[in-house]
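Student: Let's see this in three dimensions:
(2 chains)
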Amino acid sequence: MSGSTTVTLSTRIRKRVSGGNRIMRMLLHRWDARVAIIILSLLTLSGVAPEALVGPLQTATTATADALLPPSGTHLFGTDDLGRDLLNLTVHGARISLVVGALSAAITLVIGGGIGMIAGYRGGRVDALLMRVADTFLILPTFVLALILAPILRELIGDQTEIFGIRTTLLTIVAVIGFTSWSSTARIVRSQTLSLRERTFVERARLVGLSPMRIIARHIFPNIRTVLLANGIVVIAGSILTESTLSFIGLGDPFQPSWGTILGNAQSAAAPSLGAWWFIAAPGCAILITVVACTVIGNAIDELLDRDVRVRR
Amino acid sequence: MSEQLRANTSASAPLLRVRGVSVTYAAQRSIADLLARRSASGIVALDSVDLDVNAGEIVAVVGESGSGKTTLARVIAGLIAADEGVVEVEGEGPNDWRSVGMVFQDPYETLDPKRTLGEFIAEGLEAQGLPMDRVDTALEAAELLPAAAFRDRVPEELSGGQRQRVVIAGALALNPKLVIADEPVSMLDVSMRAQILALIEQLRRDQGIAWIFITHDLSLAWAISDRVVVLYLGAVVEEGTAEQVLRNPAHPYTRALLAALPSTDPGAAGTHSLAAGEIPQGDTPSGCRFRNRCAHAIEACALTRPPLEVAPGGGAEHRVACIRAAELPPLS
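Tutor: A predicted model of the protein is given here:
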């Protein structure tokens, strides 16, 4: 009696570990992924509670220092052309980048994952149709589409409207990134689904009368979850870059400075010709480090998956 | 025992009735086909196959790889549709084969690595609206004891033999009258094989489940089956009781398969000739499909497809598709 209880208990624990925690544990064994996870954790902290780290967001009226001071003990990252502390701006900018990244990735994964699984599982005409739609979106350049849609939507909805506490300008960017990047996710998910569909356990589920939707929910999705995770993290990196670019050329949200907005400010303040390298370095390095960290984690998960597959064969 | 079973059941309609089932796997039309204005050449997997299985009977379907064994299993299970012919289970057509279960060759592939054993068995129960308490009953019937200890485990923690028991439990939970086992022990250790075979035999005895046991291994067929059906290139070439087909094979192909069995007698090694070559990959030969590998083939073999006829000197149930069956030399 006590023997069987112990078995159940230990297997319960192992089962829980074998899910997302197992990936996390394996990631922590790699030094590059470990560094990337620490960076992303710090970033998340600054996104969630920037006030706790550097105080309230400084504006033109609340700026405390002289313009364009180089990095020093009081202003670690220097100040901008309005005398705002760049450390303060950069930490506050993390929130925008993270929100845009996370929301875009969510849209991408839901649309891309859903369409990819349905196309791969159903096959035939459904597959052909969905994949042609995906191809159409695949050739749309994200940035150009965003460039066109962002001002139009801003004009239509207005700057000040908020949905769920997020300004519409930001949502525009999120929507545009989400709708243009789902197609590559759909293709990846579809190819995974195609091979899963031929596995015996899916065939067996069909045999006992499980509906296609249930098969997708119970057998396909759990088996591509990690692939989606790896893909989602790479999408986050791409979204952050796109958002930065849009903000840099002035299509971002003027009331909530992101790293791209700070870079844009540096550009219009002629920071390069004034030799104010810190004005560019602070937001630029923030973008670089974030994108590299996301890519490193995405690749690490990919490699772990590969090894998983190799071990199983 | 098997004679008695058959006597009880043969008066009524068979549990499974397969008549004239043909399946052709369509090939993609190649560029060569397009240039030659041919339609795509398909691969004939089954060519008008007849098969009856009675309640509580174990029928072995034997043949080399490529003989159509697995296709036959999938047609009977309803996983693929036959291009021609009828498959009936208890007189019912397709979509009502809930009384057919299936055990697949690879127990490592049949269980989803992400789901517990209990979830695996419950899956079919849920889909068919059966009570969930059957999970434990099925695990116990497959001798996975205590059931409570297995319910929450994941496939990773089980041996191949245990996994195959879980797959069998998954089939049992749905209360099948017939279970198709496609090479169920070919991936298992020899010690596990005996256990799984004993389990199949026991489930037939206790629950009256009929089995179609698909194998390439004649010694397994001999060990477990009441009746043996020999498939070659998608057609039945010989059928009869295990005794008839394996003790007194009438088709040159069955003889070649038997001769290919490794002997446990060291002195007997190498006395039999194997069938030359492999199963042809391209078009099926005209007439008798085995003729180009057959040592006894004559010109007449190429002309017409030999019908299944009562084997010379055998019982009424022993049938063979060979026009030279009566002239073949007796087996030593």
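
Student: domain ranges for chain B?
Tutor: B:2-99+B:176-327, B:107-174 (automatic domain parsing).

Student: Below-threshold pLDDT in the chain: ranges please.
Tutor: Defaulting to chain A. Where chain A drops to pLDDT under 70, the residues are A:1-20, A:60, A:158-167, A:307-313.

Student: um, chain B though
Tutor: Low-confidence segments of chain B, defined by pLDDT under 70: B:1-12, B:28-30, B:38-41, B:93-98, B:263-283, B:332.

Student: secondary structure element for the residue of the stretch 101-250 of chain B found nearest chain A?
Tutor: Residue nearest to chain A within the stretch 101-250 of chain B: residue B:124 (3.4 Å; C-beta to the nearest C-beta). For the C-beta atoms, the positions are set from N, CA and C on the backbone; glycine is no exception. Assigned by DSSP states H and E, residue B:124 falls within helix B:117-127.

Student: all strands in the stretch 51-200 of chain A, in order from the N-terminus.
Tutor: A:162-163, A:166-167 (DSSP state E, counting those that start in this stretch).

Student: The residue most central in space within chain A and residue A:172: what is the separation?
Tutor: Nearest to the centroid of the C-alpha atoms of chain A, with distances taken as C-alpha atoms, centre = their mean, sits residue A:236, at 1.8 Å. Distance, residue A:236 to residue A:172, by C-beta to C-beta, to the nearest Å: 18 Å.

Student: just residue B:100 next, same as before
Tutor: For residue B:100 relative to residue A:172 (C-beta to C-beta), the value is 55 Å.

Student: likewise residue B:161?
Tutor: Counting by C-beta to C-beta, the separation of residue B:161 from residue A:172 is 59 Å.

Student: Locate the residue of chain B with the greatest distance from its centre.
Tutor: The outermost residue of chain B, judged against the average C-alpha position, is residue B:35 (39.6 Å), by C-alpha atoms, centre = their mean.

Student: Can you give me the neighbour number for residue A:271?
Tutor: As a burial measure, residue A:271 scores 20 neighbours (other C-beta atoms under 10 Å in any protein chain shown).

Student: Flag every residue of the stretch 51-200 of chain B that's near chain A.
Tutor: Residues of the stretch 51-200 of chain B lying near chain A by C-beta under 8 Å from any C-beta of the partner chain: B:77-79, B:98, B:102, B:104, B:106, B:109-116, B:119, B:123-124, B:127-128, B:146, B:148-149, B:152-154, B:156-157, B:167, B:170, B:174.

Student: what's the longest helix along chain B packed up against?
Tutor: Taking DSSP state H as the criterion, chain B has its longest helix at helix B:190-207. In this structure, helix B:190-207 makes packing contacts with strand B:58-62, helix B:160-172, strand B:210-215, helix B:218-224, judged by 3 or more C-beta pairs under 8 Å, 6 or more residues apart in numbering or on different chains; DSSP states H and E.

Student: Now the closest residue to residue B:136 other than its chain neighbours: phi and psi?
Tutor: Leaving aside its chain neighbours, residue B:136 sits nearest to residue B:147 (4.1 Å; criterion: C-beta to C-beta, 6 or more residues apart in numbering or on different chains). When read as degrees, to the nearest 10, the backbone of residue B:147 gives phi -60, psi -40.

Student: got the contact list for residue B:147?
Tutor: B:135, B:136, B:137, B:139, B:140 (C-beta atoms under 8 Å, 6 or more residues apart in numbering or on different chains).

Student: I'd like to know how many residues surround the last one.
Tutor: A total of 15 residues lie near residue B:140 under the criterion other C-beta under 10 Å.

Student: The closest residue to chain B within chain A - nearest residue in space that isn't next to it in sequence?
Tutor: Of chain A, the residue with the smallest distance to chain B, taken as C-beta to the nearest C-beta, is residue A:208 at 3.4 Å. Of all residues not flanking residue A:208 in the chain, residue B:124 sits nearest, at 3.4 Å (C-beta to C-beta, 6+ apart).

Student: any idea how far that neighbour lies from residue A:235?
Tutor: 37 Å.

Student: okay, these two: which has more neighbours?
Tutor: residue A:235 (28 against 23).

Student: Am I right that that one sits in a strand?
Tutor: No - assigned with DSSP: H, G, I helix; E, B strand; the rest coil, residue A:235 falls outside any strand and is helix.

Student: Correct me if wrong: it contacts residue A:102.
Tutor: No - Residue A:235 is beyond contact range of residue A:102, at 9.9 Å (criterion: C-beta atoms under 8 Å).

Student: contacting residues around residue B:13?
Tutor: By C-beta under 8 Å, 6+ apart, the contact set of residue B:13 is residue B:91.

Student: do the same with residue A:247
Tutor: Counting by C-beta under 8 Å, 6+ apart, residue A:247 touches A:96, A:253, A:258, A:259, A:260, A:261, A:263, A:264.

Student: got those as TSV, with neighbour count columns?
Tutor: Below are those laid out as TSV (neighbours: other C-beta atoms under 10 Å in any protein chain shown):
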residue	neighbour count
A:96	26
A:253	23
A:258	32
A:259	27
A:260	28
A:261	25
A:263	23
A:264	23
